[in-house]
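[1] just a sequence and a predicted model for now, questions to come.
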Amino acid sequence: MDIKGKVIAVLPKQEGTASNGNHWERQTIVVEYQDGQYTSKVALDNAKKAEEFGKLNIGDECTFKCNTPTSREYNGRWYTSINCWGWDVENKAEAVAEPMPEPTPQPTATTEPTAKPTAKADDDMPF
């Protein structure tokens, strides 16, 4: 099954240790694609090439090669996943550097408050 769409989110990589002691990692991305006349979104997982899969950028237009969705039951709830085993990048998004936020000015030792708080007799707040 092929899905042609645009990467709209790259989720944090998940990793851990299986009960048999083997290390595992999985990368999930969210793709927006055209489904007939409607736009749909789907989360795709990759466990074999997680590091490489996570290097896709938001805005990349790709064709993803996926297995048929599978569902599993856990504690009475059902979970569905789509495993992506290959992808072709057709249009690479331009890497845009996010501007650094302006630093917040920190008060200095010589700065004194402009007004002292006054206690009200009817104020029942303990602070």
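    Done, it's in.

[2] which helix or which strand is home to the nearest residue to residue 71 once chain neighbours are set aside?
    Sequence neighbours aside, residue 80 is the residue nearest to residue 71 in space, at 4.6 Å (criterion: C-beta to C-beta, 6 or more residues apart in numbering). Yep, even glycine has a C-beta here, placed from its N, CA and C like the rest. Using DSSP states H and E, residue 80 falls within strand 77-81.

[3] may I have the strands that pair with that strand, each with its orientation?
    strand 70-74 (antiparallel) (DSSP bridges).

[4] list the buried residues in the strand it pairs with.
    By 16 or more other C-beta atoms under 10 Å, strand 70-74 has no buried positions at all.

[5] same thing with stretch 7-23?
    7, 10.

[6] let me see the mean pLDDT of that stretch.
    Taken as a whole, stretch 7-23 has a mean pLDDT of 92.

[7] dump the C-alpha coordinates for the strand ranked longest in the chain into PDB.
    The single longest strand within the chain, with elements called by DSSP state E, is strand 23-35. What follows is strand 23-35, C-alpha atoms only, in PDB (Å, rounded to 0.1, in the frame of the first residue of the first chain):
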ATOM      1  CA  HIS A  23      17.100  -2.700  22.700                       C
ATOM      2  CA  TRP A  24      14.300  -1.400  20.500                       C
ATOM      3  CA  GLU A  25      13.400   2.000  19.000                       C
ATOM      4  CA  ARG A  26      10.500   3.300  16.900                       C
ATOM      5  CA  GLN A  27       9.900   6.600  15.100                       C
ATOM      6  CA  THR A  28       6.500   7.900  14.200                       C
ATOM      7  CA  ILE A  29       5.600  10.600  11.800                       C
ATOM      8  CA  VAL A  30       2.300  12.100  10.800                       C
ATOM      9  CA  VAL A  31       1.500  12.500   7.100                       C
ATOM     10  CA  GLU A  32      -1.300  14.500   5.500                       C
ATOM     11  CA  TYR A  33      -2.600  13.100   2.200                       C
ATOM     12  CA  GLN A  34      -5.500  13.500  -0.200                       C
ATOM     13  CA  ASP A  35      -8.100  10.900   0.100                       C
END
